[in-house]
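>>> give me a 3D structure for the following:
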Amino acid sequence: MRTKEKWVTVVIVAVILVIFLMITFAKANENLDHYEKEDIKIERQQYLSKGAN
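Alright, predicted model coming up:
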């Protein structure tokens with residue numbers, strides 16, 4: 001019985017840790033969209049300026 005209680009505790013802690021890590025990485029990746037949009041905008045401007053020459 002004691003081993004079962006220990007495994008339940010370990011599993012609960014592991015699940016909480018995984019959820020915490022997922023939230024942390026999701027928040028860290030939110031700002032990447034802004035940089036990607038700016039990069040696409042710059043690439044498009046460069047492409048258009050090359051076509052005009």
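>>> C-alpha only now, for contacts and for neighbours.
OK.
>>> next one, pLDDT for residue 53 please.
At residue 53, the pLDDT value in this model is 49.
>>> same question for residue 18.
On the pLDDT scale, residue 18 is placed at 97.
>>> can you tell me the element it falls in?
In the assignment (DSSP states H and E), residue 18 maps to helix 2-29.
>>> repeat for residue 46
helix 32-52.
>>> pLDDT below threshold where in the chain?
1, 48, 50-53 (pLDDT under 70).
>>> on that earlier part again, any idea how far the helix holding residue 46 is from the chain center?
Relative to the chain's own centre, helix 32-52 is displaced by 23 Å; criterion: C-alpha atoms, centre = their mean, to the nearest Å.
>>> re earlier: now for the helix holding residue 18, which elements pack on it?
Packed against helix 2-29 by the contact rule (3 or more C-alpha pairs under 8 Å, 6 or more residues apart in numbering; DSSP states H and E) you find no helix or strand.
>>> ok, residue 47 to residue 37 distance?
Computed as C-alpha to C-alpha, to the nearest Å, the residue 47 to residue 37 distance reads 15 Å.
>>> what is the burial count for residue 2?
Look at residue 2: counted by other C-alpha atoms under 10 Å, it has 6 neighbours.
>>> CA atoms of the helix holding residue 46 as CSV?
Extracted as CSV, the C-alpha positions of helix 32-52 are listed here (Å, rounded to 0.1, in the frame of the first residue of the first chain):
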residue,chain,number,x,y,z
LEU,A,32,8.3,35.0,-31.7
ASP,A,33,5.2,35.7,-33.8
HIS,A,34,6.0,39.4,-33.8
TYR,A,35,9.6,38.8,-34.9
GLU,A,36,8.5,36.3,-37.6
LYS,A,37,6.0,38.9,-39.0
GLU,A,38,8.7,41.6,-39.1
ASP,A,39,11.2,39.2,-40.8
ILE,A,40,8.6,38.3,-43.5
LYS,A,41,7.9,42.0,-44.0
ILE,A,42,11.6,42.7,-44.5
GLU,A,43,12.0,39.8,-46.8
ARG,A,44,9.0,40.9,-48.9
GLN,A,45,10.4,44.5,-49.1
GLN,A,46,13.8,43.2,-50.3
TYR,A,47,12.1,40.9,-52.8
LEU,A,48,10.0,43.8,-54.2
SER,A,49,12.9,46.2,-54.4
LYS,A,50,15.0,43.6,-56.3
GLY,A,51,12.1,43.2,-58.8
ALA,A,52,11.9,46.9,-59.4
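>>> no further questions, thank you.
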